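Trainee: Attaching a predicted model along with its sequence, questions to come.
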Amino acid sequence: RLLAALAAAFELCGELADVGARIGIAICPGDGEGAEVLLRHAKLALDRASAGPPGAVCFFDNAIDAELRERRALEQDLRQALARDEFEIEYQPQFDIQSRRMFGVEALLRWQQPGLGRSAPDGFIPLAEDSGMIVPIGRWVLEQACRQAMAWQQRGAGELRMAVNLSPVQCRDPALACQVAE
């Protein structure tokens, strides 16, 4: 009933407004005892519901808590990965189909996690964006890719285009233009 009431359009300052809601639920005693624990668990359930469409309802379960702990641990590892030199760049060649000539390369970031092996970018790039780590990581990728392009040119590779993917988060960084120029 609450979701239905909130979903109904209403007038606000002469305009028709729509409000969507999502609900996270934690139940005592199964999901914890005490207001602080229940509110934290309800917030975790709400976070999960917020990933869904308006009107989503999510009950807390221990899998949500475990998922959050795993995400926090991964975020901590990600924060230390630059300092520990765990990132690598692979260069994917780009060819002109008609001339069959390589005209450039694309720099692709890889993360070699100790004990876990190589992580796929779709497993850590969204986390890097959410945590803000994509800015220093992206700066590192840009620097490494430019150094590699210069090294290839000095060895006689000729002109090659170097493509470096940027995150929308990086594009909002006012320092990006200066980094590219450097």
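Mentor: Looks like it arrived, so ask away.

Trainee: In a strand, residue 95, correct?
Mentor: Yes - when classified by DSSP: H, G, I helix; E, B strand; the rest coil, residue 95 is found to be part of a strand.

Trainee: show me the contacts for it.
Mentor: With contact taken as Cβ atoms under 8 Å, 6 or more residues apart in numbering, residue 95 is in contact with 101-103. From N, CA and C alone the C-beta is placed, and that goes for glycine too.

Trainee: could the residues you listed go into TSV alongside secondary structure and pLDDT?
Mentor: Putting the contacts of residue 95 into TSV (DSSP: H, G, I helix; E, B strand; the rest coil; pLDDT from 0 to 100) gives the following:
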residue	secondary structure	pLDDT
101	strand	89
102	strand	89
103	strand	91
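
Trainee: pretty sure residue 93 contacts residue 107?
Mentor: No - with the criterion set as Cβ atoms under 8 Å, residue 93 and residue 107 do not qualify as a contacting pair; they are 11.6 Å apart.

Trainee: Neighbour count: these two, which is higher?
Mentor: The neighbour comparison of residue 93 against residue 107 (other Cβ atoms under 10 Å) goes to residue 107, with 19 against 10.
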